[in-house]
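Peer 1: the sequence and its predicted three-dimensional model are supplied below.
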Amino acid sequence: MSGYFGPIEEQTLKNTYFRQVLFTGKHCQLVVMSLQPGEEIGNEVHPEVDQFFRVEQGEAKFVLNGSEEHVVRKNEAAIVPAGTYHNVINTSKTTRLKLYTVYSPPNHPAGTVHKTKAEAEAAEKLAHH
């Protein structure tokens with residue numbers, strides 16, 4: 001299939017993996033994510049990558065550059081510009097945070113699936129050695 005066509009909201013809500021890449025193109029990448037209650041992505045920065053987020057379930061706290069905070073709820077979106085340190089935290093103690101994100105340009109190898117945050121962190125370590 002050339003491109004991505006599908007029910008993104010449904011796919012996001014059904015996803016139980018920490019990270020799953022749905023599409024990787026030359027200039028963008030579509031990824032669904034699911035964070036356990038209280039889980040966070042971890043503070044990170046993408047020097048050359050703009051990132052769009054849309055929350056489909058739950059509530060996310062975005063922390064930018066260690067101090068600026070924004071709460072993003074169901075059906076809301078956020079854009080983190082390239083070069084901005086960011087962490088995304090699931091603020092709920094009971095509900096999974098489900099979101100999708102578009103990286104521009106792509107940030108992960110095509111077809112990446114990380115079932116858990118631990119699996120994602122292990123893969124990131126390997127990629128940087």
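Peer 2: Yes, it's here. Residues are numbered from 1 along each chain as shown.

Peer 1: quick one, strands of this protein?
Peer 2: With DSSP state E as the criterion, the chain has strands at 19-24, 29-35, 50-57, 59-64, 68-73, 77-80, 86-90, 97-104, 113-114.

Peer 1: now the angle from the third one to strand 59-64?
Peer 2: Computed with axes from the mean of the first three to the mean of the last three CA atoms, to 10 degrees, the direction of strand 50-57 lies at 160 degrees from that of strand 59-64.

Peer 1: then the second one?
Peer 2: Angle of strand 29-35 versus strand 59-64, following the same axes, to 10 degrees, is 120 degrees.

Peer 1: what comes into contact with strand 29-35?
Peer 2: Here strand 29-35 makes contact (CB atoms under 8 Å, 6 or more residues apart in numbering) with 4, 8, 11-12, 15-24, 41, 58, 60, 88, 90, 96-108, 112, 117. (C-beta placed from N, C-alpha, C; glycine too.)

Peer 1: ok, now the fifth one?
Peer 2: Strand 68-73 is contacted by residues 53, 55, 59, 60, 61, 62, 63, 64, 78, 91 when judged by CB under 8 Å, 6+ apart.

Peer 1: parallel or antiparallel, which strands does that strand pair with?
Peer 2: Pairing partners of strand 68-73, with direction, according to DSSP bridges: strand 59-64 (antiparallel).

Peer 1: for the strand it pairs with, buried residues please.
Peer 2: 59, 60, 62, 63, 64 (16 or more other CB atoms under 10 Å).

Peer 1: circling back: buried only: go through the contacts of strand 29-35 for me.
Peer 2: 11-12, 15, 18-24, 41, 58, 60, 88, 90, 96-104, 106-108, 112, 117.

Peer 1: who wins for proximity to residue 123 among the strands of the chain?
Peer 2: strand 113-114 (6.2 Å; CB to CB).

Peer 1: what is the closest one packed up against?
Peer 2: For strand 113-114, the elements it packs on are strand 19-24, judged by 3 or more CB pairs under 8 Å, 6 or more residues apart in numbering; DSSP states H and E.

Peer 1: mind listing the strands the strand it packs on pairs with, and their directions?
Peer 2: Strand 19-24 sits in its sheet next to strand 29-35 (antiparallel), strand 113-114 (antiparallel), going by DSSP bridges.

Peer 1: fine, thanks again, bye for now.
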